[in-house]
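[1] below are the sequence and a predicted model for it; my questions follow.
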2 protein chains.
Amino acid sequence: MNLKICGMKTEIITIGDEILIGQIVDTNSAWMAEQLNLNGIEVYQITSVHDNHAHIVKALADAEKNADLVLITGGLGPTKDDITKNCLCEYFNTELVFYPEIFEHVRSLLSSRNVTINQLNRDQALLPTSCTILNNSAGTASGMWFEKNGTIFISMPGVPFEMEAIMTEEVFPRLIKLGIMQSIVHKTILTYGLAESMLAEMIEGWESGLPEYIKLAYLPSAMMVRLRLSAYGTDKGMLEANINQQVKELQNIIPEYIFGFDDDNLALIIGRMLIKSSQTLAVAESCTGGNIAHFITSNSGSSAYFKGGVVAYSNEIKSKLLEVPSEMIDTYGAVSQQVAESMAIGAQKVLNADFSIATTGIAGPDGGTAEKPVGTVWIAVAGPSGVESEKFIFRHNRERNIIRSTQSALDLLRKHIINDNSALI
Amino acid sequence: MNLKICGMKTEIITIGDEILIGQIVDTNSAWMAEQLNLNGIEVYQITSVHDNHAHIVKALADAEKNADLVLITGGLGPTKDDITKNCLCEYFNTELVFYPEIFEHVRSLLSSRNVTINQLNRDQALLPTSCTILNNSAGTASGMWFEKNGTIFISMPGVPFEMEAIMTEEVFPRLIKLGIMQSIVHKTILTYGLAESMLAEMIEGWESGLPEYIKLAYLPSAMMVRLRLSAYGTDKGMLEANINQQVKELQNIIPEYIFGFDDDNLALIIGRMLIKSSQTLAVAESCTGGNIAHFITSNSGSSAYFKGGVVAYSNEIKSKLLEVPSEMIDTYGAVSQQVAESMAIGAQKVLNADFSIATTGIAGPDGGTAEKPVGTVWIAVAGPSGVESEKFIFRHNRERNIIRSTQSALDLLRKHIINDNSALI
């Protein structure tokens, strides 16, 4: 990266044996990094270390050398393996004192949750004398703000929603007050259906023509590739205008592969189209087992267009609730074009919806045959103009086969709605 | 941690702007850390850095100082923002050469995926002369194994299933050959229904009595707390026996809160009980929107006991498919004990299952009232002996309300099955 980044250099330190032995995925770093970036603060490095006194202190010292701002999560809970507070006391040469007002906060929070207070909870009111205490509205472990040799250190609990509450309510307002601001504009273009290298080739000319101050990153996952444009500079309005111009040019090059922007997802885009056209949706899921319905209902407001669905895991349910003739299942097998289309038509009718999606396949690891190997999935989509279907063979494990089936079904529906309605986004 | 850990000290370095700006969550580190730990290799630190030449080279140098083994992911893709290979060449003072056999692998893999090969793909056959090439059976970016001053460096692509393929097929066999082995025994006890501090207090005596070489960690998430015991030593059989003895003692202290071990999950435990008793399950979901069915069907073999479900998002579907009287919905509201129980009984009957779960609630952010605020959820469970229900108020965002509802519903069912059947695990 040859771009000049002004502003604060930030390091995130996440503390916890559970991260280093892989028992939890460190989602805190991603959340903090995203929020900081949106506010123009660059994260230079993320470091995860054990609940180990010497290593925590070393990580603090290393961070002080490189960063102006150090965000620390983890190790502030009430149990014995939580040692961060003692490490901070050593590093900042200070000691713990009892804060009655913090104890009162812990007491009232726990009593509202019907938790009986004990000595471990009481100890959460013991905090270093030399820090600014950051209120934790969502939990019992307070945040702490230290300063040393021009570097700011902020320690927060590792429970994600508690960290998020402290960041939002206590840290950001203070950083804004300190005047830490910088112009970075990000725009992410979401594409579906092209492998990374094919996409890169199709947009090569456009990519080469990007100005110096706009940077492009490819973020691939399954059949989805997100293209992130980042513009750096002093004039935010100018950066936004230039990024939007670049996006317009890209839309002319690969219109059919772009399904949305930034935090959009396939289900959200489908929802927007259905709200615009006042139409409704139903699902009939076999191999996806409820995951398509879950993706759709994860978006708030989905009750406006989503009638519901049938998870038809057994053949009995396919026939009884979705009106798939049992002779059809006997003749063609449950994983077949005929059954997929019949499920879609059944869902459309029984659930009284304009559009429907149906899936039937073999998610694995068992159930595959030579003719229909694990990963074989038939997806059908029905709409006012009729039904269409497509066969996929995903050669992955159960989890990924279910996710790919879900995404492919949603993309098939998205295209079907566009063709059916010309109801463009 | 005062325990002596022998064996290799490992650092994981994940490379990619997308991690540092929080656009993806770094799941690779967690997977690698878990696998290494299960093989007795301690991960000392995880470091995430930008696609920045100077920073990558610095991270390699820092890791060399502390670690015997350095695992690197990311930045090996075919596009311009992937610079790891050039950084490795600089650090190991080597250069790229064209490997015809790697090109043949890239060509045949892409042609099986119907991707047309281009120059960017061709460049993936350019690899450093001084490394051992690690075959990537799942993708086009090869892994690389370097050695320098006694430290092993392994570079792999950032696409999770490609990294996993290289680790499993190429890295682990080599590490085993090198004789890197150590005895660490982990056992995780899964509890549901107790807050961390209450749990800690209940098991305080047991915890204090743990021998020096067994370490306990609390891993809380929602109402679930996982207790991880780790025993370190030379005699694996002895460690296992001692851990099992500790687990037995814990089971005597909090029998009703322990629902499983290690990678178990609530849905898996329920499945095991149902297979044992040859009984079946159906679901009727409103506010959880398919997520319970998804949790159940994420476990392979679930078709043996899971008949299917109805996602009854609209009241029309609750009445039509689950036989909930529409007058009942009018009188008590869709979010009520009466409707939840009627949905459960309807699902049990219509889907012809021994047990059923029903949820109806307000996931948010909209739809709450003073009487029934966002987060209000009624959960009902029906079984051969009848129906029971419970009201919950989860005071979180939509995503967490859905997850908590799902977990609480599964735990309610678990207890109901145990009581109904005395079919213990």
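    Received, thanks. Numbering: from 1, shown residues only, chains lettered A, B, ... in the order given.
[2] mind listing the strands for the stretch 301-425 of chain A?
    A:306-311, A:355-361, A:376-383, A:386-393 (DSSP state E, counting those that start in this stretch).
[3] just those: most buried one?
    strand A:306-311 (a mean of 31; mean count of other Cβ atoms under 10 Å in any protein chain shown). In short, each C-beta sits where N, CA and C put it, glycine included.
[4] got JSON lines for the strands of the stretch 301-425 of chain A, with distance to residue B:39 and mean pLDDT too?
    Converted to JSON lines, the strands of the stretch 301-425 of chain A look like this (distance: least, Cβ to Cβ, whole Å; pLDDT from 0 to 100):
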{"stretch": "strand A:306-311", "distance to residue B:39": "38", "mean pLDDT": "97"}
{"stretch": "strand A:355-361", "distance to residue B:39": "34", "mean pLDDT": "98"}
{"stretch": "strand A:376-383", "distance to residue B:39": "34", "mean pLDDT": "97"}
{"stretch": "strand A:386-393", "distance to residue B:39": "33", "mean pLDDT": "96"}
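[5] mind putting the ones you listed into TSV with distance to chain B?
    Formatted as TSV, these follow (distance: least, Cβ to the nearest Cβ, whole Å):
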stretch	distance to chain B
strand A:306-311	4
strand A:355-361	11
strand A:376-383	14
strand A:386-393	11
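[6] neighbours around the closest residue in space to residue A:64 that isn't next to it in sequence, how many?
    Distance criterion Cβ to Cβ, 6 or more residues apart in numbering or on different chains; nearest residue to residue A:64, sequence neighbours excluded, is residue A:151 at 5.0 Å. A count of neighbours around residue A:151, defined by other Cβ atoms under 10 Å in any protein chain shown, yields 19.
[7] got it, and the one 5 residues further on?
    By other Cβ under 10 Å, 29 other residues sit near residue A:156.
[8] is it possible to export the strands of the stretch 301-425 of chain A to a markdown table including distance to residue A:112?
    Below are the strands of the stretch 301-425 of chain A laid out as a markdown table (distance: least, Cβ to Cβ, whole Å):
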| stretch | distance to residue A:112 |
| --- | --- |
| strand A:306-311 | 34 |
| strand A:355-361 | 43 |
| strand A:376-383 | 47 |
| strand A:386-393 | 49 |
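[9] touching, residue A:8 and residue A:42? I think so.
    Yes. The pair residue A:8 and residue A:42 qualifies as a contact (Cβ atoms under 8 Å) at a distance of 7.3 Å.
[10] quick check: pLDDT value at residue A:423.
    Here, the pLDDT recorded for residue A:423 equals 44.
[11] let me fix that, I meant to ask about residue A:157.
    As predicted, residue A:157 sits at a pLDDT of 95.
[12] number of nearby residues for the residue found closest to it once you drop the neighbours it is linked to in the chain?
    Spatial nearest neighbour of residue A:157, excluding adjacent residues (Cβ to Cβ, 6+ apart): residue A:141 at 4.0 Å. Other residues lying near residue A:141 total 26 when counted by other Cβ under 10 Å.
[13] same question for residue A:293.
    Neighbours of residue A:293 using other Cβ under 10 Å come to 35.
[14] what do you get for the one 3 residues further on?
    In terms of burial, residue A:296 registers 29 neighbours under the definition other Cβ under 10 Å.
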